[in-house]
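Participant: Fold the following.
(chains A and B)
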Amino acid sequence: MHFVWFWLVAVMITAYVVLDGFDLGAGVLHLFITRTDPERRVVLRTIGPVWDGNEVWLLAGGGTLYFAFPLLYASGFSGFYLPLMIVLWLLVLRGIGIELRTHLDSTVWRGFFDGCFAFSSLLLTVFYGAALGNVMRGVPLNKEGYFFLPLWTNWRPGPEPGILDWYTVIAGVVALVALTIHGAHYVALKTVGELNQRARRVATLLWPALVVVTLLSLWATLEIRPELLVNYRRFGVLFIVPVAVALSLIAMFLFRRRGNDKGAFLGSSAYLIFMLVGAAAAVYPNLLMSTSDPSLNITVSKAAGGDYSLSYGLIWWSFGMLLALGYFVFVYRMFRGKVTG
Amino acid sequence: MDSALLIHRLHFAFTVTFHYLFPQLTMGLALLIVVLRTLALRTGNEIYNQSTRFWARIFGINFIMGVVTGIPMEFQFGTNWSHFSRLTGGVIGQPLVMEGVFSFFLESAFLGLFLFGEKRLGPRGHWWAAFLVFLGSWLSGYFIIVTDAWMQHPVAFARGTDGSFQVTSFWGLLLNPWAQLQYAHNMSGAVITGAFVMAAVGAYYLLEGKFAGYGRVFVRVGVIAGVIFSTLQVFPTGDLHGKYMARHQPVTTAAMEGLFKTESGAPIVILGQPDEEHQRIDNPLVVNKVLSFLIYGTTTGEVRGLNEFPRDQWPTNIPLLYYSYHIMVGLGTIFVAIMAVSTFLLWRGKLYRSRWMLWIIMLCLPFPYIANTAGWMTAEIGRQPWLVYGLMRTSEGYSKYVHAGNGLFTLLGFMGLYTLLAILFLVLVKREIAHGPASGPEGMVPEDKPAPLAQEN
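Facilitator: Predicted coordinates for the structure are as follows:
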């Protein structure tokens, strides 16, 4: 049961990263690939009808975490208090950046909201990457299962780390590059002409960087947390996952070269999915690791809620997710095709 | 009070109070937009289509404010109230996920279609989009009320050895009687806000002498919805909720009513200031025996006063609780009166020309917001000193490792950010209202030509 909920939460977070990831990436690119107001409007219209729904995955995922693993939710959210609050502020800025821009026909007004949208999207991708880095690195959990991290200490992933250290910064950069490429693929898929060309060019230029930072993050992770290979050693079949990451990277490259926007977009989606699956498989059964003492780790069985609610939950959760999937298919079909000026 | 505890309480109180200014209009307006959309379909009159589009634009701005201020709420259980979350996640985690899974996905999917997809969907499809947005927002309200109701009146749970709460009955939790009463009362309050806002904008147009055709539609729909729901707000929803509360949170009822000593045939206090030190009401204006009658249906029923309860179970801020409650009830009563008079004038065909009444309707705009806020303050201050009523104290629930300095930092951050949001919201809504309903993107409609239906009145 705990195993099932662990993966359901992982699926929801992955869905969030893949879906909101492309509109975050579009935000990072927003000011770089556009020259004129109509072009900016086109970028916003590619994500306009879907970004809010994509963001619901974050809420639903956070809620599911609360429901399935209350201890992790309590410990993690209070321990990552400062970065989470900053993420919330950025989400507020980003929401108004997208939605309020078109309300006034004024260069200053629009410039302000373009800035909000691009700035908050960029910082959010870095924070999300750093958040994942913190989970992989572990935190100084106390006996009650709580901790509190400052934003930074000495920038080293030692026993008293901060949210940001050299390792989590690498993770942040991976997320920034990966989501920017993902967003570029999406914008390319949804647009024509100049905008499409510029988005493709960004993706092409960033691809080697993505390969480099991916390898770098792999090396760094094994450097600070060699025990993350335990599950892989025990179940050799798991090595499929890193192979799949490599294949997704190659697929992205090949599709990009042949000008296949859809293939490239699916490639970056697959890359994100397999990176997260790989991380989840490495961490299990831990949800949050201690930097000092492995016996303090928050594991799925320590954190899980009651059996009655978890088993009943499977029923309504599955039903609800089927409905949600239905809405998503419907909405994406309604707004399918290219957005033109 | 421990300063960290105080900061965490203020943090939640500020963010949730600001947040709820928006959902109450979202939920109220969602219903009225479905009404307008239905009128448009049934009469085929363009004025209703244009009215729907106008309110949809305001709805869109309001909705986005609700979304961006709502996201922090779900996270604050963990960030600021971690010990509470840890112990209760097994129970209230459930309605919170259900809100995401069953209503946010629905709302977010169909909001885009409702706001931008009218041409694509056609009139009937667009009606459905409006209806599903309405359904999503009202479902969302229910799940949140279930969460709050469990904290007010915990049901369907068992406690583990570590003190954690676990659900023992799925339906028991969802159908908590407290939740049903609170939901009815709260949703009717939301429609009151929607109705007063719509009527006030209509009254403004009529007084200003522009978009008068639309003004009539807005005033009529607002007043009819207003009279229905402000009546429902008092009776039966408010009445039933109050009776249930008197049985299950008697000390809260005593504090709300300012009843310091037990009395049979207890009076109701209309006005007066609670004096905690001398345990009495200063400058009281009371009506004898009414409180006993309202709670027990007899003028001799014994109502327990604060003196029957140990001090450590008294709500922690009795004057504020007393005022919140009295403001809510006082305004609720005034709403019934205003809407009853307006309905009478509407029925006699005089409302659109009664400038004094239009002035009153227009100036009433802020008061439903105040009443709804005061109502929630009554519920939540009345719950103190408990986080989970009778079982877990508020002082046990906050995040011990998030110190006052960090809490104050983010509280100030939210205050600054929300000030910006408030300014943007007012600027944009003011602009929509000044711009008027008649010149939307879908083309012009001759202004001030009363719709046939509006002319009948």
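
Participant: Residues of the stretch 201-341 of chain A that sit close to chain B?
Facilitator: A:305-306, A:308-309, A:312-313, A:316-317, A:320-321, A:323-324, A:327-328, A:330-331, A:334-335 (Cβ under 8 Å from any Cβ of the partner chain). Glycine gets a C-beta too; all of them are placed from N, C-alpha and C.

Participant: Helices - which of these land there?
Facilitator: A:308-309, A:312-313, A:316-317, A:320-321, A:323-324, A:327-328, A:330-331, A:334 (DSSP state H).

Participant: Do any residues in the longest helix seen in chain B lie close to chain A?
Facilitator: What stands out as the longest helix in chain B, according to DSSP H, is helix B:3-43. No: using Cβ under 8 Å from any Cβ, helix B:3-43 never reaches chain A; the gap is at least 9.5 Å.

Participant: residue boundaries of the strands in the stretch 201-341 of chain A?
Facilitator: A:286-288, A:298-299 (DSSP state E, counting those that start in this stretch).

Participant: so which of the ones you listed comes closest to B:Ala199?
Facilitator: B:Ala199 lies closest, by Cβ to Cβ, to one member of the strands of the stretch 201-341 of chain A: strand A:286-288, at 51.8 Å.

Participant: returning to that earlier point: which is the next helix or strand following the longest helix of chain B?
Facilitator: Sequence order places helix B:46-80 as the next helix or strand after helix B:3-43, per DSSP states H and E.

Participant: so what's A:Gly313 scoring on pLDDT?
Facilitator: Per-residue confidence (pLDDT) for A:Gly313: 89.

Participant: What about it, how many residues nearby?
Facilitator: 26 (other Cβ atoms under 10 Å in any protein chain shown).

Participant: hang on, the earlier thing: got a ChimeraX select line for the buried ones in the residues of the stretch 201-341 of chain A next to chain B?
Facilitator: Of these, the buried ones go into a single ChimeraX selection, burial set by 16 or more other Cβ atoms under 10 Å in any protein chain shown:
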select /A:305,306,309,312,313,316,317,320,321,324,327,328,331,334,335
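
Participant: Where does B:Thr161 fall, secondary structure wise?
Facilitator: With DSSP H and E as criterion, B:Thr161 is part of no helix or strand.

Participant: How many neighbouring residues does it have?
Facilitator: Applying other Cβ under 10 Å, I find that B:Thr161 has 5 neighbouring residues.

Participant: hang on, A:Phe148 in a helix?
Facilitator: No: per DSSP: H, G, I helix; E, B strand; the rest coil, A:Phe148 lies outside any helix segment and is coil.

Participant: now it: how far from A:Tyr81?
Facilitator: 7 Å (Cβ to Cβ, to the nearest Å).

Participant: higher neighbour count, these two?
Facilitator: When neighbours are counted by other Cβ under 10 Å, A:Phe148 and A:Tyr81 differ, and A:Tyr81 comes out ahead with 27 against 18.

Participant: Give the residues shared as contacts by A:Phe148 and A:Tyr81.
Facilitator: Residues touching both A:Phe148 and A:Tyr81 by Cβ atoms under 8 Å, 6 or more residues apart in numbering or on different chains: B:402, B:406.

Participant: Would you mind giving the secondary structure of the residue in the stretch 151-300 of chain B that chain A sits nearest to?
Facilitator: Going by Cβ to the nearest Cβ, chain A is nearest to B:Gln166 of the stretch 151-300 of chain B, at 3.2 Å. At B:Gln166 the chain is in strand, as set by three-state DSSP.

Participant: so it makes contact with A:Leu310?
Facilitator: No: in this structure B:Gln166 lies outside contact range of A:Leu310 using Cβ atoms under 8 Å: 9.6 Å.

Participant: any low-confidence regions in chain B?
Facilitator: B:1, B:439-457 (pLDDT under 70).

Participant: Show me where it has its strands.
Facilitator: B:157-159, B:165-167, B:263-264, B:268-275, B:280-287, B:302-303, B:386-388, B:392-393, B:439-440, B:443-444 (DSSP state E).

Participant: which residue packs closest to B:Ile327, ignoring adjacent ones?
Facilitator: Nearest residue to B:Ile327, sequence neighbours excluded (Cβ to Cβ, 6 or more residues apart in numbering or on different chains): B:Ala374, at 4.3 Å.

Participant: I'd like the distance from the one you found to chain A, if you could.
Facilitator: 26 Å (Cβ to the nearest Cβ, to the nearest Å).

Participant: Could you count how many residues lie near the residue of the stretch 251-400 of chain B at minimum distance from chain A?
Facilitator: Proximity of the stretch 251-400 of chain B to chain A (Cβ to the nearest Cβ) peaks at B:Ser399, 3.9 Å away. Residues contacting B:Ser399 under the criterion other Cβ under 10 Å number 28.

Participant: likewise the one 4 residues further on?
Facilitator: Here the count is done by other Cβ under 10 Å, and B:His403 has 15 residues near it.

Participant: Also the one 5 residues further on?
Facilitator: Burial measure for B:Leu408: 16 neighbouring residues, criterion other Cβ under 10 Å.

Participant: That one and B:Ile7 touch, don't they?
Facilitator: Yes: assessed by Cβ under 8 Å, B:Leu408 is found in contact with B:Ile7 at 5.4 Å.

Participant: which residues do these two both contact?
Facilitator: Joint contacts of B:Leu408 and B:Ile7 (Cβ under 8 Å, 6+ apart) do not exist.

Participant: so the longest helix of chain B versus helix B:46-80, what angle?
Facilitator: Relative orientation of helix B:3-43 versus helix B:46-80 (axes from the mean of the first three to the mean of the last three Cα atoms, to 10 degrees): 160 degrees.

Participant: Please determine how far A:Asn142 is located from B:Pro250.
Facilitator: In terms of Cβ to Cβ, A:Asn142 sits 40 Å off from B:Pro250.

Participant: hmm, I was thinking of A:Ala303
Facilitator: 38 Å.

Participant: Also B:Leu115?
Facilitator: 47 Å.

Participant: So B:Leu428 is in contact with A:His103, correct?
Facilitator: Yes: B:Leu428 lies in contact with A:His103 (Cβ under 8 Å); the separation is 5.4 Å.

Participant: Tell me how many other residues surround the residue nearest to A:His2 when sequence neighbours are not counted.
Facilitator: Nearest residue to A:His2, sequence neighbours excluded (Cβ to Cβ, 6+ apart): A:Val300, at 4.2 Å. Using other Cβ under 10 Å, A:Val300 has 20 other residues around it.

Participant: next one: B:Met256
Facilitator: 26.

Participant: Repeat that for A:Val28.
Facilitator: By other Cβ under 10 Å, neighbour count at A:Val28 equals 27.

Participant: next one: the one 10 residues further on
Facilitator: The number of residues packed around A:Pro38, counting by other Cβ under 10 Å, is 11.

Participant: separation between it and B:Gly125?
Facilitator: 29 Å.

Participant: try B:Met98
Facilitator: Counting by Cβ to Cβ, the gap from B:Met98 to B:Gly125 is 27 Å.

Participant: show me the contacts for the residue of the stretch 151-300 of chain B closest to chain A.
Facilitator: Counted by Cβ under 8 Å, 6+ apart, B:Gln166 has contacts A:305-306, A:308-309, B:90-91, B:157-160.
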